[in-house]
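Undergrad: sequence below, structure please.
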Amino acid sequence: MQDGKSKAMRRLSNALNANDMKSAKKIIETDVKRYLPKYEYYFYLGLISDDYNEKLDYYNKAIEVNADFCDAYINRGLVKNELKDYDGSIQDYDKAIELDSKCSLAYNNRGYTKYKKGDFEGALKDYNKAILLNPKLNIAIDNKAKLLSEVCLPDDAEFSEKFYLSLGIQEINKGNFLEGIKNINESIKYNDKSAIAYFYKAIGYHNLNNVDLAYDNYTKAIELDKKMTDAYFNRGQLILKDNPKQALDDFVTAVALDSKFIDAYYAIASIQKNLGHYEDAIKNLDKIIELEPMAVNAKALKKLILTKYLKP
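TA: Numbers count the residues shown, from 1 in each chain. Have a look, this model is predicted:
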């Protein structure tokens, strides 16, 4: 069944990419109808139709079958926009956002409908949200540029900072550390008091094995937000080899801020074991096992300490 569904979706995707709607319709009426849920069958019929009223009917049917089908609300919103039912279009995008608050396309599309209605401030707000959720969503970037070229509006004062920060975090999460750091540096130009900016900048340098700059940026993040648990933990990991006692202080602070931070408890226990503080190590390993009864590593380290170092 799963293999049949996968094959059907590949064939449909190939037909749609080739703009071969005749083949796409045949696949929908056979394989999609057979292997996919009924709401997806209606959805794809709506997708390939070239008549707006027919599209609307199919998307209505998809939503009747599955009231939580986010893509159907987005596409129905597009259709309503073309039919100049702007209020109905916005309601569909509202529902899509309710179902998926991180759907950048829904924000962009709602922004465009607001633009068509003449709600330029609302459109700008939605475009900015879409871009912050997906800094490389070109359609939102282009829509925003078009809006600002036509209407004299001040941009959101915080947008540039958030944009560069969001783009930088995205690049770092993808492993593009130098590009990420570059964008985060741009965000810091707009706000040099952002703990999260320095934290992600530190992660970038940490992954580039630049210990000094990673340490400086973790420390800066902590200075700005003394409750940033992950900054303490990451800084502890960074300096563990060369300065285990200072690393221990960072891990202890991390668990003081988050009493369920299992990785930090394990790091503490490992250092305590290496320092010969076996009873203290056991206490922290027991805390891990209390939090996570299946913690294999904690059980193994506890067994090692008990048999090798605390053996009667």
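Undergrad: for the protein, which spans come out with low pLDDT?
TA: 1-2, 312 (pLDDT under 70).
Undergrad: enumerate every residue touching Lys260.
TA: Lys260 is in contact with Leu291, counting by Cβ atoms under 8 Å, 6 or more residues apart in numbering. To be clear about C-beta, it is placed using only N, CA and C from the backbone, and glycine gets the same treatment.
Undergrad: which SS state does it fall under?
TA: coil (DSSP: H, G, I helix; E, B strand; the rest coil).
Undergrad: tell me what the helix or strand containing Ala106 is packed against?
TA: In the assignment (DSSP states H and E), Ala106 maps to helix 104-117. Contact analysis of helix 104-117 by 3 or more Cβ pairs under 8 Å, 6 or more residues apart in numbering; DSSP states H and E lists helix 70-82, helix 86-99, helix 120-133, helix 138-150 as its packing neighbours.
Undergrad: so what touches stretch 138-154?
TA: Counting by Cβ under 8 Å, 6+ apart, 104-105, 107-108, 111-112, 115, 120-121, 123-124, 127-128, 130-131, 134, 155 sit against stretch 138-154.
Undergrad: now the buried members of the residues you listed.
TA: Among these, those buried by neighbour count (16 or more other Cβ atoms under 10 Å) are 104-105, 107-108, 111-112, 115, 120, 123-124, 127-128, 130-131, 134.
Undergrad: just how off-centre is the strand or helix carrying Leu167 within its chain?
TA: Taking DSSP H and E as the criterion, Leu167 maps to helix 159-173. Centroid separation for helix 159-173 versus its chain: 12 Å, with Cα atoms, centre = their mean, to the nearest Å.
Undergrad: could you do stretch 187-198 as well?
TA: On Cα atoms, centre = their mean, the centre of stretch 187-198 falls 20 Å from that of its chain.
Undergrad: swap in stretch 44-64?
TA: Put simply, stretch 44-64 sits 30 Å off its chain's centre (Cα atoms, centre = their mean).
Undergrad: nearest residue to Met21 in space, ignoring adjacent ones along the chain?
TA: The shortest distance from Met21 to any non-neighbouring residue, by Cβ to Cβ, 6 or more residues apart in numbering, is to Ile48 (5.1 Å).
Undergrad: just checking, the one you found touches Ile28?
TA: Yes: counting by Cβ atoms under 8 Å, Ile28 is a contact partner of Ile48 at 6.9 Å.
Undergrad: among these two, which residue is more densely surrounded?
TA: Taking neighbours as other Cβ atoms under 10 Å, Ile48 and Ile28 compare with Ile28 leading, 23 against 18.
Undergrad: ignoring the adjacent residues along the chain, who's closest to that one?
TA: Using Cβ to Cβ, 6+ apart, the closest residue to Ile28 is Tyr44 (4.8 Å).
Undergrad: so which helix or strand takes in the one you found?
TA: helix 38-48.
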